[in-house]
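A.B. asks: coordinates for the following, if possible.
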Amino acid sequence: MNLSPEDSLPDDVEALKAALLQVRTELATERAERSGDKALITHLKLVIAKMKREHYGQRSERSARLLDQMELQLEDAEASATEDELAAEATAARTAGVKAFTRRHPSRKPFPAHLPRERVVIPGPASCSCCGGARLVKLGEDVTETLEVIPRQWKVIQHVREKFSCRDCESIGQAPAPFHVIPRGWAGPSLLAMILFEKYGQHQPLNRQAERYAREGVDLSLSTLADQVGTCCSVLSPLFKSLEAHVFAAERLHGDDTTVPVLAKGKTHTGRCWVYVRDDRPFGGGSPPAAVFYYSRDRSGEHPQEHLKTYQGILQADAYGGYGQLYADRRPGPILEAACWAHARRKFFELADIAAAAQRKAKGKNRQEIISPLALEAVKRIDAIFEIERDIQGKSAEERFIARQTSSVPLVSSLESWMKEARPKLSRHDDVAKAMDYMLKRWDSFGRFLTDGRICLTNNAAERALRGIALGRKSWLFAGSDRGGRRAAILYSLIQTAKLNDVDPQRWLADVLARIAEHPARRIDDLLPWNWRKDNTSVKQAA
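C.D. replies: Just a heads-up that it's a prediction; the model follows:
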């Protein structure tokens, strides 16, 4: 009901109240409609952005950050729309003149088919509501599914070994004690896997785990949990060695490192976590992907030299000087450097990011933000090369080589000529000049991908592997010691490799810990994630 100035207002108080209530109802309904439309629009924008990212790849350095931001915006929009919808329904319930607002929700995916279903049958009517008759016949049923979760259940498993006495010789016989992953162990493999995955996969320190377990009625001290972690790392060390051998047998590796704060006496110092990733999927290789992590107290070049002392092949990494000795003449063979174009692009992108400059200006930065046209031109030229790479992702090394020779070589040659022409006109202190020098001084390494289809354009595989550690730093703040850093490197290697092979890390660790005590050492490779997945797939199919 909309009241115009020409409408005569009733003199009766009750009529005025009714009119006011109807106006409020209409306003609440209109507000709910706007909120619902906003939530739907935000949802559709997010879906479109994700589809574009999946189809075209990463469009810019900040695309991942923008998607996260859109997720938060969708969360707020959905919550606001639900609040307004409930408010409109409550207001409409107090009047008969306005129809209740019904929100248009995006279609929800059905619940997974593998989840068990529990039927709760609501008793039907015993008699007809119309005539009162009792001769009712069932026509069908309507099923409404609600997703529910059962809180974590703890239990104690008692392994009972009965003793028997022989009536002939009076000797006593008993079945041997079951193997435990930990001598005199009290924790089952599933519990151990959960503790390990929570700490190294979900970044939950042991003290927080202990607090949560205590709230669930199971009191486990921090020292007790730490003892289990240390022992499990020792038990899983042979699996790490096998994984290490697989990674360094690759023809091409991705390498990178990141900081790890380590607790020292009354302070923290900055350690390093190194990663080497084997991933042949970009050029259609059949070897399973894997990653190995190492910890060191500092970033000295001797650490990567020790890690790669037996390796020969291609190393894709940034321009860290510690890798320099690896590219010299050495035994057992040469290591070829393949530079990361994403690192080079990032230097230009930061100087050409118009959106970031506008944000800094909006926050009240005093200095004038200047967008470099040269940096913008460099980004456009590099993006054209990236576009070709997206089309040949996953193809064989031969197909990638042919495509690059046909399409990428002219673009790379043009980029080099353009930079060599523009560079002398810039001061050596200019940021664009520094970005150009970064590439021109290593041009052989940047151009190596043109002559070898196995080489990727970026080192993103290693950066993705280190992303979990960056998230973990915000949760556990620092590693407890150097030995703690080395233990973390082993578990990071196993968990990240499981993820790369689409294997549930916690489920895999639970099965490995249950079997490894009796597993033959010469067949330790059977427990690696890709072999474990094959075994479990065949078991499921047989069942």
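A.B. asks: for residue 188, what are its contacts?
C.D. replies: With contacts defined as Cβ atoms under 8 Å, 6 or more residues apart in numbering, residue 188 is in contact with residue 157. Heads up, the C-betas are built off the backbone N, CA and C, glycines and all.
A.B. asks: what pLDDT is listed against it?
C.D. replies: The predicted local confidence for residue 188 comes out at a pLDDT of 90.
A.B. asks: what do you get for residue 170?
C.D. replies: As predicted, residue 170 sits at a pLDDT of 85.
A.B. asks: quick check: it is in a strand.
C.D. replies: No. Inclusion of residue 170 in a strand is not indicated when DSSP: H, G, I helix; E, B strand; the rest coil is applied; the result is coil.
A.B. asks: that one and residue 176, how far apart?
C.D. replies: Residue 170 sits 21 Å away from residue 176 when distances are taken as Cβ to Cβ, to the nearest Å.
A.B. asks: model confidence for the nearest residue to residue 326 once chain neighbours are set aside, exactly?
C.D. replies: Residue nearest to residue 326 in three dimensions, not counting chain neighbours: residue 335, with 4.7 Å by Cβ to Cβ, 6 or more residues apart in numbering. The predicted local distance difference test score for residue 335 is 93.
A.B. asks: do residue 488 as well
C.D. replies: At residue 488, the model reports a pLDDT of 88.
A.B. asks: wait, doesn't the residue nearest to residue 326 sit right on residue 310?
C.D. replies: No. The pair formed by residue 335 and residue 310 falls short of the contact definition of Cβ atoms under 8 Å, at 11.0 Å.
A.B. asks: so these two - more neighbours on which side?
C.D. replies: Each of residue 335 and residue 310 has its neighbours counted (other Cβ atoms under 10 Å); residue 335 has more, 19 against 11.
A.B. asks: ok, now which ones touch the more buried one?
C.D. replies: Listed by Cβ under 8 Å, 6+ apart, the contact set of residue 335 reads 308, 311, 312, 313, 314, 315, 326, 327.
A.B. asks: ok, residue 501 next?
C.D. replies: Contacts were defined as Cβ under 8 Å, 6+ apart; by that measure residue 501 touches 288, 289, 290, 529, 530, 533.
A.B. asks: please flag which of these sit within helices.
C.D. replies: 529, 530, 533 (DSSP state H).
A.B. asks: give me the PyMOL select line for these, limited to the buried ones.
C.D. replies: Only the buried members of the ones in helices among the contacts of residue 501 enter the following PyMOL selection, criterion being 16 or more other Cβ atoms under 10 Å:
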select buried, resi 529+530+533
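A.B. asks: show me which of the ones in helices among the contacts of residue 501 is closest to residue 384.
C.D. replies: Checking the ones in helices among the contacts of residue 501 against residue 384 by Cβ to Cβ gives residue 530 as the nearest, at 36.1 Å.
A.B. asks: give me the nearest residue to that closest one, chain neighbours excluded.
C.D. replies: Sequence neighbours aside, residue 288 is the residue nearest to residue 530 in space, at 3.8 Å (criterion: Cβ to Cβ, 6+ apart).
A.B. asks: quick one: that neighbour and residue 533 touch, right?
C.D. replies: No. With contacts defined as Cβ under 8 Å, residue 288 does not count as touching residue 533, sitting 9.1 Å away.
A.B. asks: and the residue nearest to residue 326, how far from residue 252?
C.D. replies: Between residue 335 and residue 252 the distance, using Cβ to Cβ, works out to 11 Å.
A.B. asks: residue ranges in the chain under the pLDDT threshold?
C.D. replies: In the predicted model of the chain, residues 1-10, 36-86, 89, 93-108, 183-184, 263-268, 354-370, 472-481, 535, 537-543 satisfy pLDDT under 70.
A.B. asks: count the residues that sit near residue 396.
C.D. replies: Residue 396 is flanked by 14 other residues according to other Cβ under 10 Å.
A.B. asks: ok, now which ones touch it?
C.D. replies: 283, 284, 453 are the contacts of residue 396 under Cβ under 8 Å, 6+ apart.
A.B. asks: same list, the contacts of residue 335, but as a markdown table with distance to residue 218, secondary structure and neighbour count please.
C.D. replies: Rendered in a markdown table, the data for those read as follows (distance: Cβ to Cβ, whole Å; DSSP: H, G, I helix; E, B strand; the rest coil; neighbours: other Cβ atoms under 10 Å):
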| residue | distance to residue 218 | secondary structure | neighbour count |
| --- | --- | --- | --- |
| 308 | 44 | coil | 21 |
| 311 | 45 | coil | 19 |
| 312 | 51 | coil | 16 |
| 313 | 48 | strand | 16 |
| 314 | 50 | strand | 21 |
| 315 | 47 | strand | 22 |
| 326 | 49 | helix | 22 |
| 327 | 53 | helix | 13 |
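A.B. asks: now the contacts of residue 396 in a markdown table, with neighbour count, distance to residue 348 and secondary structure?
C.D. replies: Listed next are the contacts of residue 396 as a markdown table, based on neighbours: other Cβ atoms under 10 Å; distance: Cβ to Cβ, whole Å; DSSP: H, G, I helix; E, B strand; the rest coil:
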| residue | neighbour count | distance to residue 348 | secondary structure |
| --- | --- | --- | --- |
| 283 | 23 | 27 | helix |
| 284 | 16 | 31 | coil |
| 453 | 21 | 26 | coil |
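A.B. asks: and which of these is nearest to residue 26?
C.D. replies: Comparing the contacts of residue 396 against residue 26 with Cβ to Cβ picks out residue 284 as the nearest, at 61.5 Å.
A.B. asks: all strands for the stretch 401-543 of the chain, in order.
C.D. replies: Counting by DSSP state E, counting those that start in this stretch, the stretch 401-543 of the chain has no strands at all.
A.B. asks: now the helices for it?
C.D. replies: Residue ranges of the helices in the stretch 401-543 of the chain, as given by DSSP state H, counting those that start in this stretch, are 409-422, 431-440, 443-446, 460-476, 482-500, 505-515, 529-542.
A.B. asks: list the buried residues in the fifth one.
C.D. replies: By neighbour count on 16+ other Cβ under 10 Å, the buried set for helix 482-500 is 482, 484-485, 487-500.
A.B. asks: over to stretch 292-300?
C.D. replies: Taking 16+ other Cβ under 10 Å as the basis for neighbour counts, the residues of stretch 292-300 that come out buried are 292, 293, 294, 295, 296, 299.
A.B. asks: wasn't the first one part of a helix?
C.D. replies: When you say that, I think you mean residue 292. No. Counting by three-state DSSP, residue 292 is not part of a helix but strand.
A.B. asks: name all residues that make contact with it.
C.D. replies: 240, 243, 244, 247, 248, 275, 276, 493.
A.B. asks: mind giving me the PyMOL command for buried ones among those residues?
C.D. replies: Selecting just the buried residues from those in PyMOL takes one command, with 16+ other Cβ under 10 Å as the test:
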select buried, resi 240+243+244+247+248+275+276+493
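A.B. asks: for the residue lying closest to residue 128 once chain neighbours are set aside, helix, strand, or coil?
C.D. replies: Leaving aside its chain neighbours, residue 128 sits nearest to residue 136 (6.6 Å; criterion: Cβ to Cβ, 6+ apart). Local secondary structure at residue 136 is given as coil here, using three-state DSSP.
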